[in-house]
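>>> Compute the structure for the input listed below.
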Amino acid sequence: MKSDALLTEYTSATRMDALYPVVKLDSSEPYTMKDIIKYIGKTNAPVANLLERLDNGEKLNNLKDEELTELRKYLLGNCMLTRVIWGGKDYKKNGKSIEARSWDAIDYIYNNKIPDDRTIDKDLEHIFMNTAACKGVRNRKNYAESKLGESIVELCKENGGNVHIANLGSGVAKGLIKIFKNLSDMGIKLGKDGVHATCLDLSQDVIKEGIKTTSNGNRYLNGSIKYKRGIVELLDRYRKNGKFKMSQLGLMTGLPDYYNEEGAAKLLSSAGKIIVPEGKLITANIKPHDVGNNSLMGILEWKLYERDDKEFENVIKNSGFENGIYTEPQGIFMISAAKKANVQ
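Numbers count the residues shown, from 1 in each chain. Here you go, the predicted structure:
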């Protein structure tokens with residue numbers, strides 16, 4: 001197995017001092033689709049051959065139904081990550097919605113632990129969890145959270161500490177809770193008169209879990225994280241009805257990948273309706289990659305809108321924001337702390 005060592009340290013050029021914890025991004029060598037094919041080929045040549053055809057450029061929709069079934073049976077029979085992505089062990093039907101499956105899969109990848117389950121091939125699980133895509137997901141999380149923490153610290157210095165964050169498509173918001181713990185440890189006030197956040201998500205189950213998580217043993221939060229059920233596209237209506245307040249910072253890293261270019265621009269534009277003129281929106285998008293839409297993710301029906309740098313820049317520009325993008329070391333995710341464009 002390849003080494004999982006060597007985490008590179010990233011320090012933002014905009015950091016005013018070293019107050020906020022430095023984020024560590026994984027630049028170690030990932031497993032590739034070719035590594036996966038080689039490993040599977042030792043025990044199942046037919047499956048390896050099908051994956052190799054896709055890796056060599058054959059389109060996924062050219063596969064016969066029985067070939068796609070063979071691939072799914074193998075993947076779901078040998079790997080927990082693929083079961084989480086698919087929504088279960090039954091290759092015939094994935095019972096959960098794409099949104100629910102996505103949150104489950106991302107949370108599983110963040111956790112990055114091989115379960116003690118005798119039905120899985122632990123070596124294959126390790127390989128999958130250390131592809132560039134999975135390393136990139138963890139890098140995206142770490143970079144975005146660090147960027148948000150830095151921005152909060154800077155705003156506290158500028159305006160006395162009253163900062164509101166909009167966490168859009170938030171999920172349970174475990175990362176935000178961790179950021180607030182760091183801020184509390186630094187002596188920064190949390191609560192309605194200090195740093196506080198509103199988490200917006202469509203899932204009622206997620207909202208319930210978020211409320212439960214922030215209530216259990218987290219008294220330092222001081223009611224600083226609230227949850228609302230809703231969708232990003234209706235933010236302007238929520239604002240006008242007094243149901244969502246203006247924010248200095250927005251965090252929306254897990255949504256643009258699910259929209260085409262026009263839809264993604266509208267999504268960011270809607271987020272911009274509740275961000276003050278000098279505010280920022282931290283957002284992200286996935287790039288084309290070797291286990292993506294025409295490979296493992298496509299087989300498991302977790303297809304995203306993969307974009308290159310220019311396409312993502314266009315989405316940002318067309319939504320009323322401006323800024324360059326940062327690509328994490330695995331080259332899979334682009335992240336931007338996009339500023340609202342000055343409108344004359």
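>>> per-residue confidence averaged over the longest helix along the chain?
Ranked by residue count, the top helix of the chain under DSSP state H comes out as helix 132-159. Helix 132-159 carries an average pLDDT of 93.
>>> Could I get the buried residue list for that helix?
By 16 or more other CB atoms under 10 Å, the buried positions in helix 132-159 come out as 132-156. (Glycine included, C-beta is placed from N, CA and C.)
>>> now the helices for the stretch 151-300 of the chain?
174-185, 204-215, 235-240, 261-272, 296-299 (DSSP state H, counting those that start in this stretch).
>>> would you turn those into CSV with mean pLDDT, mean neighbour count and distance to Thr119?
CSV is the format used below for the helices of the stretch 151-300 of the chain (pLDDT from 0 to 100; neighbours: other CB atoms under 10 Å; distance: least, CB to CB, whole Å):
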stretch, mean pLDDT, mean neighbour count, distance to Thr119
helix 174-185, 92, 19, 27
helix 204-215, 90, 16, 26
helix 235-240, 96, 16, 43
helix 261-272, 95, 20, 38
helix 296-299, 96, 22, 19
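>>> Throw these into TSV and include distance to Ser336, thanks.
Converted to TSV, the helices of the stretch 151-300 of the chain look like this (distance: least, CB to CB, whole Å):
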stretch	distance to Ser336
helix 174-185	17
helix 204-215	25
helix 235-240	19
helix 261-272	10
helix 296-299	23
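>>> show me where the stretch 51-200 of the chain has strands.
163-168, 195-201 (DSSP state E, counting those that start in this stretch).
>>> Which of these sits closest to Ser319?
strand 163-168 (13.0 Å; CB to CB).
>>> neighbouring contacts of the closest one?
Strand 163-168 has contacts (CB atoms under 8 Å, 6 or more residues apart in numbering) with 148, 152, 155-156, 173, 176, 194-200, 232, 235, 244-252, 255, 271, 274-275.
>>> again with stretch 174-182
Applying CB under 8 Å, 6+ apart, the external contacts of stretch 174-182 come out as 20-21, 107, 141, 144-145, 148-149, 152, 165, 167, 170, 190, 195, 197, 199, 213-214, 218, 220-221, 224-225, 251.
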